[in-house]
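Engineer: give me a 3D structure for the following:
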Amino acid sequence: MKKYLAWIPALAIMTAIFWFSAQPADVSTEMSDGVTRVLLWAAETVGLTERLSPERVQELCGILAVPVRKTAHITEFAVLHLTVLFALSQWELSWKKWLRTALAVTVAYACTDELHQIFVPGRAGMVTDVLIDSTGAALITAVLWMVRGRREKRSGDAGAVRMAEGPGNGSSRSLASGMDNRVKQMVQGAAIAAVYVVLTMAFRPISFGPVQFRISEALCVLPYFTPAAVPGVFLGCLISNLLGGAAALDVVFGSLATLMGAVGSRLLRKNRYLVILPPIAANTLIIPWVLKYAYGSADMVWFMMVTVGAGELLAVGVLGQFLLGALERYREELF
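Structural biologist: Next comes the predicted model:
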């Protein structure tokens, strides 16, 4: 059962990639422009560039659109590759077959992703994009291959021969074991971030605004199971705010509120009924001020605290507890 459950993170990342690729060209452009605008705002804030006029910002969005998109593609497929490596590490494969199979799966999914885009309005499938998507996976494979080569060289020729002879010796586990915990943490965090983004964007109409019910916030209880959930929900919130066209202040402080809540949940992990409190408190106290100063909301701060708090109570307090109960049965297999 464990070897099959290990595919859940990879499936989560695949779902996220499929969702992004399913967006029409104008929506995809809006998302990438939102990311570029926040990056430019950050550059202005830290003094890397002079203050930019709205016209210059729009011009730079057009110039940087392709680099931003391609970088995002390389990153998401690199993360997918890590999740596939983790899943395959649960199977008895020789280390060479482990690396080759993982790369083949990632490249194959990149091919299907480009094929999928042929049927999306305003988008097209391109062979060059398959190569770009596979760049991150290829680099990871090359690095792991070199690491393995160095280990074999240090262990001596006799040991190297034994490791290369078959699945029982030098299997994927022997290479994965040294990096198992690190990879597992990265995979879990990436999967949680991907699920957070998909849930937020799928329910976009109710995920933003003064009266919001962000279903993805239910994931803020996951630090109860694993420390990887802390950066996972933070990155998920950050990416969601970027893609959702949130104001720069919201991207920064809204994401920090989620991070604070996740850290608090991790500190209270010994009690499953207390882990819901930090996310509810952090968002209730911080988000109303973000809505006021980032979006100029005319509502009273206390009223927004009530509405945001109610949404968090439903998402984290109710859905989060259901999620905890459901995952508790598979704690050993998943975490």
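
Engineer: from the centroid of this structure, which residue is nearest?
Structural biologist: Ala193 (3.2 Å; C-alpha atoms, centre = their mean).

Engineer: now for the closest residue to Met305 other than its chain neighbours, how many residues are close by?
Structural biologist: If the residues on either side of it in the chain are set aside, Met305 comes closest to Pro288, at 4.9 Å by C-beta to C-beta, 6 or more residues apart in numbering. C-beta: built from backbone N, CA, C; applies to glycine. Per other C-beta atoms under 10 Å, the neighbour tally for Pro288 reads 23.

Engineer: can you tell me the SS state at Pro288?
Structural biologist: helix (DSSP: H, G, I helix; E, B strand; the rest coil).

Engineer: my read: it touches Glu312, true?
Structural biologist: No - Pro288 is beyond contact range of Glu312, at 11.5 Å (criterion: C-beta atoms under 8 Å).

Engineer: thinking again about what came up before, what's near enough to touch the residue nearest to Met305?
Structural biologist: 210, 301, 304-305, 308 (C-beta atoms under 8 Å, 6 or more residues apart in numbering).

Engineer: just send the residues you listed back as a markdown table, with distance to Phe119, secondary structure and pLDDT too.
Structural biologist: Output for the contacts of Pro288, formatted as a markdown table (distance: C-beta to C-beta, whole Å; DSSP: H, G, I helix; E, B strand; the rest coil; pLDDT from 0 to 100):
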| residue | distance to Phe119 | secondary structure | pLDDT |
| --- | --- | --- | --- |
| Pro210 | 37 | coil | 60 |
| Val301 | 46 | helix | 88 |
| Met304 | 41 | helix | 88 |
| Met305 | 45 | helix | 91 |
| Val308 | 38 | helix | 88 |
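
Engineer: got the domain boundaries for the chain?
Structural biologist: Following the assignment in automatic domain parsing, the chain carries domains at 1-190, 203-335.

Engineer: deepest-packed of these, please.
Structural biologist: domain 203-335 (a mean of 19; mean count of other C-beta atoms under 10 Å).

Engineer: which one of the contacts of Pro288 is nearest to Lys184?
Structural biologist: Distance to Lys184, by C-beta to C-beta, is smallest for Val308 among those, at 33.8 Å.

Engineer: which residues sit in contact with His116?
Structural biologist: Neighbours of His116 in contact, by C-beta under 8 Å, 6+ apart: 18, 21-22, 125.

Engineer: chain center to the strand or helix carrying it, what's the gap?
Structural biologist: Secondary structure assignment for His116, by DSSP states H and E: helix 95-117. Centroid separation for helix 95-117 versus its chain: 19 Å, with C-alpha atoms, centre = their mean, to the nearest Å.

Engineer: so Phe234 belongs to a helix, correct?
Structural biologist: Yes - assigned with three-state DSSP, Phe234 falls within a helix.

Engineer: surely it is in contact with Ser265?
Structural biologist: No - Phe234 lies out of contact with Ser265 (C-beta under 8 Å); the separation is 11.8 Å.

Engineer: weakest of the domains of the chain in terms of mean pLDDT?
Structural biologist: Among the domains of the chain, domain 1-190 carries the lowest mean pLDDT, at a mean of 78.

Engineer: and the lengthiest helix in the chain with helix 95-117, angle?
Structural biologist: In the chain, assigned by DSSP state H, the helix with the most residues is helix 54-88. Counting by axes from the mean of the first three to the mean of the last three C-alpha atoms, to 10 degrees, helix 54-88 lies at 140 degrees to helix 95-117.

Engineer: and helix 54-88, what does it pack against?
Structural biologist: helix 8-21, helix 25-45, helix 95-117, helix 127-133, helix 135-155, helix 172-202 (3 or more C-beta pairs under 8 Å, 6 or more residues apart in numbering; DSSP states H and E).

Engineer: hmm, who's touching the fourth one?
Structural biologist: Read it as helix 127-133. Contacts for helix 127-133 (C-beta under 8 Å, 6+ apart): 70, 73-74, 77, 107, 110-111, 113-114.

Engineer: Gly136: which of those residues is nearest?
Structural biologist: Ile74 (4.5 Å).

Engineer: quick one: contacts for the closest one?
Structural biologist: When the contact criterion is C-beta under 8 Å, 6+ apart, the partners of Ile74 are 132-133, 135-136.

Engineer: same question for Leu334.
Structural biologist: Each residue near Leu334 by C-beta under 8 Å, 6+ apart is listed here: 5, 8, 225, 327.

Engineer: please apply the same query to Leu5.
Structural biologist: Counting by C-beta under 8 Å, 6+ apart, Leu5 makes contact with 330, 333-334.
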